[in-house]
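**Student:** I'll drop the sequence and a predicted model, then ask my questions.
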Amino acid sequence: MKALLFTVAFVVELAMLVAAGWWGFTLDAGLALRLLAGLGAPLLIAVVWGVFCSPRASVRLPAPAKLAVQAACFVVAGLLLALAGHPVLGGLLVAVWAVDRAVLSHGGHPA
């Protein structure tokens, strides 16, 4: 069960980055701005995730703070996806992460 939950966590982390890029590349703007946003938004989220949330994070946070940073990353990605015209997918991204995280925090066993 835990392997499945960790796989889901990894897939939604990738989806978070894709959502941020999707938003940037679909902006109603010139090519330069779309490229900057489409590459910059996921890069910014990846840097924040790497510094604070990854298993090899350079800044070790207490569990509640780490969870808050993770939630912020997913909420931002969900909002960006909604701004790109896909609010249901944005909400689904956040919901899948939240459920997966909740089940993982309870030892990987559904309640």
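**Tutor:** Received the coordinates, thanks.

**Student:** CA atoms for contacts and neighbours, from now on please.
**Tutor:** Will do.

**Student:** quick one: the residue of the chain positioned farthest from its centre from residue 38, how far?
**Tutor:** Centroid-distance maximum for the chain: residue 30 at 25.9 Å, with C-alpha atoms, centre = their mean. According to C-alpha to C-alpha, to the nearest Å, residue 30 stands 12 Å off from residue 38.

**Student:** by contact count, what packs against the helix of greatest length in the chain?
**Tutor:** Counting residues, the longest helix in the chain under DSSP state H turns out to be helix 2-25. Other helices and strands packing on helix 2-25, by 3 or more C-alpha pairs under 8 Å, 6 or more residues apart in numbering; DSSP states H and E, are helix 31-52, helix 63-83, helix 87-105.

**Student:** which residues are contacting the shortest one?
**Tutor:** Contacts of helix 87-105 with the rest of the structure, by C-alpha atoms under 8 Å, 6 or more residues apart in numbering, involve 2, 5, 8-9, 12, 15-16, 19, 74-75, 77-82, 109-111.

**Student:** in PyMOL, select just the buried ones from the residues you listed.
**Tutor:** To isolate the buried members of these in PyMOL, using 16 or more other C-alpha atoms under 10 Å:
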select buried, resi 5+8+9+12+15+16+19+74+75+77+78+79+80+81+82
